[in-house]
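In: Give the three-dimensional model of this entry:
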Amino acid sequence: LKKYVYGLNAAPLYFHLWLTDLIRKRYVVAKHDNCLYTDFNESLFALLHVDDILLLAKANEEFEQLLRTKFELKIDHHPTQYLGFDFQQNEQKVGLSLHTYIEKMVGTLNQNLATFVQRGSNAPNTTAFKNTKLPTGNAKYLVQEGRSLEEDDNADFTGEVSYEVPSLRADEIMIDELNHPTPADVKRREMINQQSKSNANLKQKRRLKVKVVAATVPDADYATMMKQKLNYPSEEFNLENYQKVTGIITYIANKGRFDVQVYASMLAQFNGMPTHQTFCQALQILQFLYKTRFSSYKFEKITSTLKDTENIVVNVYTDASYTPNYCQGGFYMEVNGTFAGSKSYRLKGTLKSSYDAELFAFREAFNHGARLRASLLSYGFKSVQIRMYCDNLSVIRTVKSITNSGGRVNDRAFTNCIYALRREYLGDKYTVDHIAGDRNPADMFTKPLPMDHVKRLLNGEIIGKSLRLCYTSQEYVNSIAPLQGSEVKNDGKLLEG
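Out: Numbers count the residues shown, from 1 in each chain. Model prediction:
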(Lines give C-alpha, C1' and ligand atoms only; values in the text may rest on other atoms or scores of the structure.)
Protein backbone atom coordinates (compact mmCIF):
# COMPACT_ATOMS: atom_id res chain seq x y z
CA LEU A 1 0.00 0.00 0.00
CA LYS A 2 2.82 2.41 0.86
CA LYS A 3 4.41 1.84 -2.57
CA TYR A 4 1.20 2.87 -4.32
CA VAL A 5 0.56 5.79 -1.96
CA TYR A 6 4.04 7.24 -2.39
CA GLY A 7 4.33 6.37 -6.06
CA LEU A 8 7.42 4.19 -5.88
CA ASN A 9 6.11 1.81 -8.55
CA ALA A 10 5.92 4.69 -11.03
CA ALA A 11 9.20 6.31 -9.95
CA PRO A 12 11.33 4.61 -12.67
CA LEU A 13 8.90 5.78 -15.36
CA TYR A 14 8.93 9.38 -14.13
CA PHE A 15 12.72 9.35 -13.88
CA HIS A 16 12.95 8.09 -17.47
CA LEU A 17 10.48 10.72 -18.72
CA TRP A 18 12.34 13.48 -16.87
CA LEU A 19 15.67 12.37 -18.34
CA THR A 20 14.45 11.87 -21.91
CA ASP A 21 12.47 15.14 -21.96
CA LEU A 22 15.69 16.93 -21.12
CA ILE A 23 17.76 15.12 -23.76
CA ARG A 24 15.14 15.67 -26.49
CA LYS A 25 15.56 19.41 -26.17
CA ARG A 26 18.81 19.07 -28.11
CA TYR A 27 19.04 15.50 -29.47
CA VAL A 28 16.87 13.22 -31.61
CA VAL A 29 15.69 9.73 -30.64
CA ALA A 30 16.63 7.00 -33.13
CA LYS A 31 13.85 5.43 -35.19
CA HIS A 32 14.84 1.85 -34.34
CA ASP A 33 15.74 2.29 -30.63
CA ASN A 34 13.94 4.55 -28.15
CA CYS A 35 17.00 4.54 -25.86
CA LEU A 36 19.42 5.80 -28.52
CA TYR A 37 19.82 9.53 -29.11
CA THR A 38 21.89 11.37 -31.72
CA ASP A 39 22.50 14.98 -32.68
CA PHE A 40 21.50 16.47 -36.01
CA ASN A 41 25.01 16.07 -37.42
CA GLU A 42 25.23 12.35 -36.54
CA SER A 43 28.49 12.96 -34.63
CA LEU A 44 27.19 12.01 -31.17
CA PHE A 45 25.47 8.87 -29.91
CA ALA A 46 24.04 8.50 -26.40
CA LEU A 47 22.65 5.14 -25.30
CA LEU A 48 20.51 5.09 -22.14
CA HIS A 49 20.28 2.18 -19.70
CA VAL A 50 18.23 3.37 -16.71
CA ASP A 51 20.64 5.86 -15.12
CA ASP A 52 23.76 4.68 -17.01
CA ILE A 53 24.57 6.51 -20.26
CA LEU A 54 27.09 5.31 -22.82
CA LEU A 55 28.26 8.36 -24.76
CA LEU A 56 30.15 8.08 -28.04
CA ALA A 57 31.27 11.45 -29.34
CA LYS A 58 34.23 13.49 -30.49
CA ALA A 59 33.20 16.30 -28.14
CA ASN A 60 31.16 15.44 -25.06
CA GLU A 61 31.15 18.78 -23.19
CA GLU A 62 27.85 20.06 -24.56
CA PHE A 63 25.97 16.85 -23.69
CA GLU A 64 27.41 16.78 -20.19
CA GLN A 65 26.52 20.42 -19.60
CA LEU A 66 22.94 19.73 -20.62
CA LEU A 67 22.61 16.90 -18.08
CA ARG A 68 24.23 18.92 -15.31
CA THR A 69 21.34 21.36 -15.42
CA LYS A 70 19.11 18.69 -13.81
CA PHE A 71 21.37 15.88 -12.54
CA GLU A 72 24.56 15.22 -10.65
CA LEU A 73 26.92 13.28 -12.91
CA LYS A 74 29.59 10.70 -12.27
CA ILE A 75 31.80 10.59 -15.36
CA ASP A 76 34.35 7.90 -16.21
CA HIS A 77 36.21 8.39 -19.48
CA HIS A 78 38.27 5.21 -19.01
CA PRO A 79 35.92 2.67 -17.44
CA THR A 80 36.97 -0.94 -16.86
CA GLN A 81 33.38 -2.19 -16.37
CA TYR A 82 30.04 -1.27 -17.88
CA LEU A 83 26.70 -3.11 -17.50
CA GLY A 84 28.39 -6.37 -16.53
CA PHE A 85 31.15 -6.22 -19.15
CA ASP A 86 34.82 -6.05 -18.24
CA PHE A 87 36.81 -4.35 -20.94
CA GLN A 88 40.32 -3.28 -21.80
CA GLN A 89 41.24 -0.92 -24.60
CA ASN A 90 43.96 1.06 -26.26
CA GLU A 91 43.97 3.30 -29.31
CA GLN A 92 43.47 0.40 -31.74
CA LYS A 93 41.51 -2.36 -29.98
CA VAL A 94 38.80 -3.10 -27.43
CA GLY A 95 38.48 -6.37 -25.49
CA LEU A 96 35.19 -7.33 -23.79
CA SER A 97 34.64 -10.17 -21.32
CA LEU A 98 32.12 -11.21 -18.67
CA HIS A 99 34.34 -12.82 -16.03
CA THR A 100 33.28 -10.55 -13.15
CA TYR A 101 29.61 -10.94 -14.00
CA ILE A 102 29.86 -14.73 -14.31
CA GLU A 103 31.60 -14.96 -10.95
CA LYS A 104 28.90 -12.77 -9.43
CA MET A 105 26.02 -14.86 -10.81
CA VAL A 106 27.58 -18.17 -9.74
CA GLY A 107 27.96 -16.63 -6.29
CA THR A 108 24.18 -16.15 -6.10
CA LEU A 109 23.66 -19.92 -6.05
CA ASN A 110 23.58 -21.76 -2.75
CA GLN A 111 26.96 -22.82 -1.41
CA ASN A 112 26.65 -26.44 -2.52
CA LEU A 113 25.90 -25.58 -6.17
CA ALA A 114 28.37 -22.69 -6.29
CA THR A 115 31.18 -24.95 -5.05
CA PHE A 116 30.21 -27.63 -7.55
CA VAL A 117 30.38 -25.14 -10.42
CA GLN A 118 33.62 -23.54 -9.28
CA ARG A 119 35.54 -26.73 -8.48
CA GLY A 120 33.95 -29.22 -10.79
CA SER A 121 32.62 -31.09 -7.76
CA ASN A 122 30.35 -30.81 -4.79
CA ALA A 123 31.47 -29.53 -1.41
CA PRO A 124 33.56 -32.08 0.56
CA ASN A 125 32.07 -34.05 3.45
CA THR A 126 28.52 -33.33 2.35
CA THR A 127 25.64 -35.07 4.06
CA ALA A 128 23.79 -35.44 0.78
CA PHE A 129 23.20 -39.18 1.20
CA LYS A 130 22.34 -39.15 4.87
CA ASN A 131 19.39 -41.48 5.42
CA THR A 132 19.15 -41.93 1.65
CA LYS A 133 19.21 -45.26 -0.15
CA LEU A 134 22.21 -45.59 -2.45
CA PRO A 135 21.46 -45.95 -6.17
CA THR A 136 22.48 -49.13 -7.95
CA GLY A 137 26.10 -49.34 -9.00
CA ASN A 138 27.21 -46.30 -7.03
CA ALA A 139 27.91 -47.58 -3.51
CA LYS A 140 31.29 -49.06 -4.33
CA TYR A 141 32.58 -45.65 -5.39
CA LEU A 142 31.68 -43.85 -2.17
CA VAL A 143 34.27 -43.75 0.57
CA GLN A 144 33.83 -43.55 4.33
CA GLU A 145 36.91 -43.03 6.49
CA GLY A 146 39.17 -44.22 3.70
CA ARG A 147 37.45 -47.59 3.21
CA SER A 148 35.38 -48.72 0.25
CA LEU A 149 31.76 -49.45 1.05
CA GLU A 150 30.28 -52.80 0.20
CA GLU A 151 27.75 -52.66 -2.57
CA ASP A 152 24.31 -53.26 -1.11
CA ASP A 153 21.27 -51.84 -2.91
CA ASN A 154 19.05 -52.40 0.12
CA ALA A 155 21.33 -50.68 2.65
CA ASP A 156 20.76 -47.22 4.07
CA PHE A 157 23.85 -45.08 4.44
CA THR A 158 23.85 -42.70 7.40
CA GLY A 159 27.46 -41.47 7.42
CA GLU A 160 29.08 -38.52 5.68
CA VAL A 161 30.39 -38.81 2.14
CA SER A 162 33.08 -36.85 0.36
CA TYR A 163 32.72 -37.12 -3.39
CA GLU A 164 34.87 -34.24 -4.49
CA VAL A 165 36.85 -34.77 -7.68
CA PRO A 166 39.81 -32.81 -9.07
CA SER A 167 38.95 -29.55 -10.78
CA LEU A 168 37.91 -30.07 -14.39
CA ARG A 169 39.51 -28.30 -17.32
CA ALA A 170 37.14 -26.52 -19.67
CA ASP A 171 37.86 -28.86 -22.56
CA GLU A 172 37.13 -31.88 -20.33
CA ILE A 173 33.58 -30.79 -19.54
CA MET A 174 31.17 -32.73 -21.73
CA ILE A 175 28.71 -30.17 -23.02
CA ASP A 176 27.63 -31.91 -26.21
CA GLU A 177 25.19 -34.36 -24.59
CA LEU A 178 22.01 -32.29 -24.77
CA ASN A 179 18.87 -33.58 -26.46
CA HIS A 180 15.59 -31.94 -27.40
CA PRO A 181 12.48 -32.85 -25.38
CA THR A 182 11.05 -36.20 -26.40
CA PRO A 183 7.33 -36.98 -26.67
CA ALA A 184 7.61 -38.56 -23.20
CA ASP A 185 9.00 -35.27 -21.84
CA VAL A 186 6.17 -33.29 -23.42
CA LYS A 187 3.63 -35.73 -21.97
CA ARG A 188 5.21 -35.31 -18.54
CA ARG A 189 5.03 -31.53 -18.84
CA GLU A 190 1.33 -31.72 -19.67
CA MET A 191 0.78 -33.99 -16.67
CA ILE A 192 2.68 -31.56 -14.40
CA ASN A 193 0.61 -28.63 -15.62
CA GLN A 194 -2.61 -30.60 -15.15
CA GLN A 195 -1.75 -31.74 -11.62
CA SER A 196 -0.53 -28.27 -10.65
CA LYS A 197 -3.87 -26.62 -11.39
CA SER A 198 -5.73 -25.36 -8.36
CA ASN A 199 -7.79 -22.44 -7.13
CA ALA A 200 -5.01 -21.37 -4.77
CA ASN A 201 -3.00 -18.16 -5.12
CA LEU A 202 0.12 -17.96 -7.28
CA LYS A 203 2.52 -18.72 -4.44
CA GLN A 204 0.60 -21.86 -3.48
CA LYS A 205 0.40 -22.94 -7.13
CA ARG A 206 4.17 -22.53 -7.38
CA ARG A 207 4.75 -24.69 -4.32
CA LEU A 208 2.41 -27.33 -5.70
CA LYS A 209 4.22 -27.39 -9.04
CA VAL A 210 7.59 -27.81 -7.30
CA LYS A 211 6.21 -30.86 -5.48
CA VAL A 212 4.68 -32.34 -8.63
CA VAL A 213 7.95 -31.95 -10.58
CA ALA A 214 9.88 -33.74 -7.82
CA ALA A 215 7.29 -36.51 -7.62
CA THR A 216 7.19 -37.19 -11.36
CA VAL A 217 10.94 -37.57 -11.98
CA PRO A 218 11.50 -41.07 -13.41
CA ASP A 219 13.44 -43.38 -11.07
CA ALA A 220 15.61 -44.53 -13.97
CA ASP A 221 16.65 -40.92 -14.62
CA TYR A 222 17.94 -40.52 -11.05
CA ALA A 223 19.76 -43.87 -11.01
CA THR A 224 21.37 -43.25 -14.39
CA MET A 225 22.72 -39.83 -13.45
CA MET A 226 24.13 -41.04 -10.13
CA LYS A 227 25.86 -43.89 -11.92
CA GLN A 228 27.30 -41.77 -14.73
CA LYS A 229 28.11 -38.59 -12.76
CA LEU A 230 29.51 -39.64 -9.41
CA ASN A 231 29.89 -36.07 -8.17
CA TYR A 232 26.47 -34.85 -9.34
CA PRO A 233 24.73 -32.99 -6.45
CA SER A 234 21.39 -34.75 -6.76
CA GLU A 235 20.17 -33.39 -3.42
CA GLU A 236 20.00 -29.92 -4.99
CA PHE A 237 17.61 -30.98 -7.75
CA ASN A 238 14.32 -29.11 -7.73
CA LEU A 239 12.33 -26.89 -10.06
CA GLU A 240 13.51 -23.62 -8.52
CA ASN A 241 17.22 -24.48 -8.70
CA TYR A 242 16.89 -25.69 -12.28
CA GLN A 243 15.13 -22.53 -13.42
CA LYS A 244 17.66 -20.36 -11.59
CA VAL A 245 20.62 -22.13 -13.22
CA THR A 246 19.08 -22.01 -16.72
CA GLY A 247 18.13 -18.37 -16.18
CA ILE A 248 21.76 -17.51 -15.41
CA ILE A 249 22.97 -19.44 -18.47
CA THR A 250 20.43 -17.79 -20.79
CA TYR A 251 21.25 -14.29 -19.58
CA ILE A 252 25.01 -14.81 -19.93
CA ALA A 253 24.59 -16.44 -23.36
CA ASN A 254 22.47 -13.59 -24.72
CA LYS A 255 24.61 -10.92 -23.09
CA GLY A 256 27.96 -11.95 -24.47
CA ARG A 257 28.70 -15.66 -24.83
CA PHE A 258 27.20 -16.79 -28.12
CA ASP A 259 29.17 -20.06 -27.95
CA VAL A 260 26.58 -21.48 -25.48
CA GLN A 261 23.40 -19.98 -26.94
CA VAL A 262 22.19 -23.28 -28.36
CA TYR A 263 22.57 -24.98 -24.98
CA ALA A 264 20.70 -22.15 -23.26
CA SER A 265 17.85 -22.46 -25.77
CA MET A 266 17.57 -26.24 -25.41
CA LEU A 267 17.80 -26.23 -21.60
CA ALA A 268 15.08 -23.59 -21.40
CA GLN A 269 12.71 -25.98 -23.19
CA PHE A 270 12.82 -28.18 -20.05
CA ASN A 271 11.94 -25.35 -17.63
CA GLY A 272 8.51 -26.85 -16.98
CA MET A 273 9.61 -30.50 -16.63
CA PRO A 274 13.30 -30.75 -15.60
CA THR A 275 14.94 -34.09 -14.92
CA HIS A 276 18.14 -35.07 -13.15
CA GLN A 277 19.80 -35.44 -16.54
CA THR A 278 18.91 -31.93 -17.74
CA PHE A 279 19.83 -30.44 -14.34
CA CYS A 280 23.24 -32.09 -14.51
CA GLN A 281 23.69 -30.84 -18.08
CA ALA A 282 22.75 -27.31 -17.01
CA LEU A 283 25.34 -27.44 -14.23
CA GLN A 284 27.95 -28.62 -16.73
CA ILE A 285 27.20 -25.68 -19.04
CA LEU A 286 27.56 -23.33 -16.06
CA GLN A 287 30.82 -25.08 -15.19
CA PHE A 288 32.01 -24.49 -18.74
CA LEU A 289 31.08 -20.80 -18.57
CA TYR A 290 32.89 -20.44 -15.27
CA LYS A 291 36.02 -22.21 -16.48
CA THR A 292 36.06 -20.09 -19.66
CA ARG A 293 34.89 -16.86 -18.03
CA PHE A 294 37.98 -15.03 -19.25
CA SER A 295 36.96 -15.52 -22.89
CA SER A 296 36.65 -12.16 -24.61
CA TYR A 297 35.41 -10.43 -27.71
CA LYS A 298 37.98 -8.50 -29.71
CA PHE A 299 37.04 -5.41 -31.70
CA GLU A 300 39.27 -3.31 -33.92
CA LYS A 301 38.70 0.40 -33.45
CA ILE A 302 38.08 2.56 -36.51
CA THR A 303 41.03 4.91 -36.39
CA SER A 304 40.16 6.87 -39.50
CA THR A 305 36.95 8.74 -40.29
CA LEU A 306 34.43 6.61 -42.19
CA LYS A 307 32.78 8.29 -45.12
CA ASP A 308 29.01 7.97 -45.20
CA THR A 309 29.34 6.71 -48.78
CA GLU A 310 31.62 3.83 -47.76
CA ASN A 311 30.13 0.40 -48.39
CA ILE A 312 29.17 -1.47 -45.20
CA VAL A 313 28.72 -5.24 -45.54
CA VAL A 314 26.44 -7.20 -43.20
CA ASN A 315 27.25 -10.92 -43.43
CA VAL A 316 24.50 -13.23 -42.14
CA TYR A 317 25.18 -16.97 -41.77
CA THR A 318 22.11 -19.16 -41.24
CA ASP A 319 21.46 -22.82 -40.46
CA ALA A 320 18.85 -25.17 -39.00
CA SER A 321 18.66 -28.70 -37.60
CA TYR A 322 15.60 -30.88 -38.12
CA THR A 323 14.09 -33.76 -36.16
CA PRO A 324 10.47 -34.96 -36.34
CA ASN A 325 9.79 -33.63 -32.83
CA TYR A 326 11.84 -30.45 -32.59
CA CYS A 327 13.68 -28.09 -34.92
CA GLN A 328 16.34 -25.59 -33.96
CA GLY A 329 17.39 -22.54 -35.97
CA GLY A 330 20.28 -20.14 -35.59
CA PHE A 331 22.29 -17.40 -37.26
CA TYR A 332 25.52 -15.48 -36.85
CA MET A 333 25.94 -11.86 -38.04
CA GLU A 334 28.95 -9.64 -38.55
CA VAL A 335 29.55 -6.15 -39.91
CA ASN A 336 32.69 -5.69 -41.99
CA GLY A 337 34.14 -8.86 -40.47
CA THR A 338 33.32 -8.03 -36.83
CA PHE A 339 30.77 -9.89 -34.69
CA ALA A 340 27.44 -8.04 -34.54
CA GLY A 341 24.86 -10.53 -33.24
CA SER A 342 23.63 -14.12 -33.09
CA LYS A 343 20.65 -16.17 -31.98
CA SER A 344 19.66 -19.77 -31.30
CA TYR A 345 15.94 -20.49 -31.17
CA ARG A 346 13.35 -23.23 -31.51
CA LEU A 347 11.58 -23.31 -34.86
CA LYS A 348 7.83 -23.66 -34.44
CA GLY A 349 5.20 -24.55 -36.98
CA THR A 350 4.43 -27.43 -39.31
CA LEU A 351 7.88 -28.38 -40.61
CA LYS A 352 8.06 -31.63 -42.55
CA SER A 353 11.70 -31.76 -43.62
CA SER A 354 15.17 -30.30 -43.20
CA TYR A 355 14.42 -28.10 -46.22
CA ASP A 356 11.43 -26.55 -44.44
CA ALA A 357 13.49 -25.84 -41.33
CA GLU A 358 16.33 -24.29 -43.33
CA LEU A 359 13.92 -22.06 -45.28
CA PHE A 360 12.17 -20.65 -42.21
CA ALA A 361 15.51 -20.19 -40.45
CA PHE A 362 16.75 -18.30 -43.53
CA ARG A 363 13.79 -15.93 -43.29
CA GLU A 364 14.35 -15.30 -39.56
CA ALA A 365 18.04 -14.58 -40.15
CA PHE A 366 17.27 -12.21 -43.03
CA ASN A 367 14.77 -10.30 -40.88
CA HIS A 368 17.44 -9.68 -38.26
CA GLY A 369 19.93 -8.68 -40.93
CA ALA A 370 17.40 -6.24 -42.38
CA ARG A 371 16.85 -4.66 -38.96
CA LEU A 372 20.60 -4.28 -38.53
CA ARG A 373 20.81 -2.70 -41.98
CA ALA A 374 18.05 -0.24 -41.03
CA SER A 375 20.00 0.69 -37.90
CA LEU A 376 23.17 1.37 -39.88
CA LEU A 377 21.25 3.49 -42.38
CA SER A 378 19.84 5.53 -39.50
CA TYR A 379 23.42 6.16 -38.33
CA GLY A 380 24.03 8.00 -41.59
CA PHE A 381 25.61 5.35 -43.82
CA LYS A 382 24.31 5.47 -47.37
CA SER A 383 25.43 2.05 -48.64
CA VAL A 384 24.73 -1.07 -46.55
CA GLN A 385 24.71 -4.46 -48.25
CA ILE A 386 23.36 -7.75 -46.81
CA ARG A 387 25.07 -10.98 -47.81
CA MET A 388 23.28 -14.18 -46.79
CA TYR A 389 25.14 -17.50 -46.46
CA CYS A 390 23.39 -20.88 -46.30
CA ASP A 391 24.64 -24.47 -46.54
CA ASN A 392 21.41 -25.79 -48.11
CA LEU A 393 21.54 -25.57 -51.90
CA SER A 394 17.80 -26.27 -52.28
CA VAL A 395 16.95 -23.21 -50.21
CA ILE A 396 19.30 -21.06 -52.27
CA ARG A 397 17.75 -22.29 -55.51
CA THR A 398 14.27 -21.60 -54.13
CA VAL A 399 15.16 -18.04 -53.14
CA LYS A 400 16.75 -17.27 -56.49
CA SER A 401 14.09 -18.96 -58.60
CA ILE A 402 11.34 -16.96 -60.28
CA THR A 403 8.99 -19.95 -60.41
CA ASN A 404 7.17 -21.35 -57.40
CA SER A 405 9.24 -24.54 -57.23
CA GLY A 406 9.61 -25.99 -53.76
CA GLY A 407 6.45 -24.41 -52.38
CA ARG A 408 3.42 -26.12 -50.91
CA VAL A 409 0.23 -24.88 -52.49
CA ASN A 410 -1.99 -25.53 -49.46
CA ASP A 411 0.43 -24.11 -46.88
CA ARG A 412 -0.07 -20.34 -46.67
CA ALA A 413 2.76 -19.74 -44.18
CA PHE A 414 5.21 -21.64 -46.37
CA THR A 415 4.11 -19.83 -49.54
CA ASN A 416 4.27 -16.42 -47.88
CA CYS A 417 7.78 -17.16 -46.63
CA ILE A 418 9.04 -17.97 -50.13
CA TYR A 419 7.24 -14.99 -51.66
CA ALA A 420 8.73 -12.54 -49.15
CA LEU A 421 12.28 -13.86 -49.57
CA ARG A 422 12.05 -13.78 -53.40
CA ARG A 423 10.59 -10.27 -53.38
CA GLU A 424 13.47 -8.93 -51.28
CA TYR A 425 16.04 -10.83 -53.35
CA LEU A 426 14.68 -9.56 -56.66
CA GLY A 427 14.61 -6.08 -55.14
CA ASP A 428 18.38 -6.29 -54.58
CA LYS A 429 17.94 -6.13 -50.81
CA TYR A 430 20.44 -8.96 -50.32
CA THR A 431 22.62 -11.52 -52.08
CA VAL A 432 22.84 -15.20 -51.18
CA ASP A 433 25.76 -17.61 -51.47
CA HIS A 434 26.51 -21.19 -50.50
CA ILE A 435 28.89 -22.07 -47.67
CA ALA A 436 30.16 -25.54 -46.77
CA GLY A 437 28.48 -27.03 -43.71
CA ASP A 438 31.73 -27.58 -41.80
CA ARG A 439 32.66 -23.91 -42.26
CA ASN A 440 29.26 -22.45 -41.44
CA PRO A 441 29.49 -20.66 -38.05
CA ALA A 442 25.69 -20.84 -37.68
CA ASP A 443 26.08 -24.61 -37.21
CA MET A 444 27.01 -24.03 -33.56
CA PHE A 445 23.65 -22.32 -32.93
CA THR A 446 21.47 -25.22 -34.12
CA LYS A 447 22.78 -28.27 -32.24
CA PRO A 448 25.42 -29.28 -29.69
CA LEU A 449 28.71 -29.90 -31.44
CA PRO A 450 31.82 -31.83 -30.34
CA MET A 451 34.26 -29.57 -28.57
CA ASP A 452 36.94 -29.93 -31.22
CA HIS A 453 34.45 -28.78 -33.90
CA VAL A 454 33.49 -25.77 -31.77
CA LYS A 455 37.15 -24.87 -31.39
CA ARG A 456 37.67 -25.05 -35.16
CA LEU A 457 34.75 -22.70 -35.76
CA LEU A 458 35.79 -20.27 -33.03
CA ASN A 459 39.35 -20.17 -34.29
CA GLY A 460 38.40 -20.21 -37.97
CA GLU A 461 38.61 -17.48 -40.54
CA ILE A 462 35.06 -16.21 -39.88
CA ILE A 463 34.67 -16.08 -36.09
CA GLY A 464 38.34 -16.17 -35.13
CA LYS A 465 38.75 -12.43 -35.60
CA SER A 466 36.08 -11.57 -33.01
CA LEU A 467 36.09 -14.07 -30.14
CA ARG A 468 38.98 -15.59 -28.24
CA LEU A 469 38.05 -18.58 -26.09
CA CYS A 470 40.34 -18.49 -23.04
CA TYR A 471 40.50 -21.56 -20.80
CA THR A 472 42.69 -20.01 -18.09
CA SER A 473 43.26 -16.63 -16.49
CA GLN A 474 46.81 -16.67 -17.86
CA GLU A 475 45.50 -16.96 -21.42
CA TYR A 476 43.21 -14.02 -20.75
CA VAL A 477 46.05 -11.96 -19.30
CA ASN A 478 48.20 -12.74 -22.33
CA SER A 479 45.36 -11.69 -24.65
CA ILE A 480 44.66 -8.33 -22.97
CA ALA A 481 48.22 -7.38 -22.07
CA PRO A 482 48.79 -5.68 -25.46
CA LEU A 483 45.65 -3.62 -24.80
CA GLN A 484 46.97 -2.43 -21.45
CA GLY A 485 50.59 -1.98 -22.41
CA SER A 486 51.39 -4.04 -19.32
CA GLU A 487 54.02 -6.53 -18.34
CA VAL A 488 52.77 -10.08 -17.73
CA LYS A 489 53.98 -12.05 -14.73
CA ASN A 490 54.09 -15.85 -14.58
CA ASP A 491 51.42 -15.99 -11.88
CA GLY A 492 48.87 -14.36 -14.20
CA LYS A 493 48.80 -10.97 -12.44
CA LEU A 494 49.35 -7.69 -14.22
CA LEU A 495 51.91 -5.04 -13.47
CA GLU A 496 50.83 -1.55 -14.37
CA GLY A 497 52.60 -0.43 -17.54
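
In: Residue 434 contacts residue 394, correct?
Out: No. Judged on CB atoms under 8 Å, residue 434 makes no contact with residue 394 at a distance of 10.7 Å. All C-beta atoms are positioned from the backbone trio N, CA, C, and that covers glycine.

In: shared neighbours of these two, which are they?
Out: Common neighbours of residue 434 and residue 394, using CB atoms under 8 Å, 6 or more residues apart in numbering, do not exist here.

In: helix or strand right after the strand ranked longest in the chain?
Out: Criterion DSSP state E: the longest strand present in the chain is strand 311-322. Tracing the chain past strand 311-322, the next element assigned as helix or strand by DSSP states H and E is strand 327-335.

In: Okay, now the sheet partners of that next one, with direction.
Out: According to DSSP bridges, strand 327-335 has the following sheet partners: strand 311-322 (antiparallel), strand 338-347 (antiparallel).

In: can you pull the buried residues of the last one?
Out: Pointing back at strand 338-347 there. The neighbour-count check on strand 338-347 (16 or more other CB atoms under 10 Å) flags 339-345, 347 as buried.

In: List the buried residues in the helix or strand following it.
Out: Following strand 338-347 in sequence order, the next helix or strand is helix 354-378 (DSSP H and E). Of the residues in helix 354-378, 354-366, 368-370, 372-373, 375-376 count as buried by neighbour count, 16+ other CB under 10 Å.

In: residue contacts, residue 44?
Out: 27, 38, 55-60, 63.

In: Residue 193 too?
Out: Contact partners of residue 193, counting by CB under 8 Å, 6+ apart, are residue 272.

In: average pLDDT across the helix or strand containing it?
Out: Using DSSP H and E, residue 193 sits in helix 183-195. Averaging pLDDT along helix 183-195 gives 77.

In: What of stretch 201-213?
Out: Stretch 201-213 carries an average pLDDT of 75.

In: begin at 739 from here
Out: In the new numbering, first residue 739, that becomes stretch 939-951.

In: Just checking the distance from it to the centre of its chain.
Out: Centre-to-centre, stretch 939-951 and its host chain are 28 Å apart (CA atoms, centre = their mean, to the nearest Å).

In: mind listing what residue 817 touches?
Out: residue 825.

In: Got phi/psi on it?
Out: When read as degrees, to the nearest 10, the backbone of residue 817 gives phi -70, psi 150.

In: Then the one 10 residues further on?
Out: When read as degrees, to the nearest 10, the backbone of residue 827 gives phi -160, psi 160.

In: Any idea what it is bridged to?
Out: Here residue 827, judged by DSSP bridges, has bridge partners residue 832.

In: Look at it and say how many residues are nearby.
Out: 17 (other CB atoms under 10 Å).

In: quick one on the thing from earlier: now do the buried residues in the helix holding residue 931.
Out: 923, 926-927, 930.

In: repeat for stretch 775-789
Out: 775-776, 782-784, 786.

In: In helices only, show me the residues you listed.
Out: Counting by DSSP state H, no part of those is found in helices.

In: want to try CSV for these, with pLDDT and distance to residue 1195 as columns?
Out: What follows is the buried residues of stretch 775-789, written out as CSV (pLDDT from 0 to 100; distance: CB to CB, whole Å):
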residue, pLDDT, distance to residue 1195
775, 88, 37
776, 85, 36
782, 83, 37
783, 85, 32
784, 88, 36
786, 88, 35
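
In: ok and the longest strand of the chain relative to helix 1092-1116, angle-wise?
Out: In terms of direction (axes from the mean of the first three to the mean of the last three CA atoms, to 10 degrees), strand 1049-1060 departs from helix 1092-1116 by 150 degrees.
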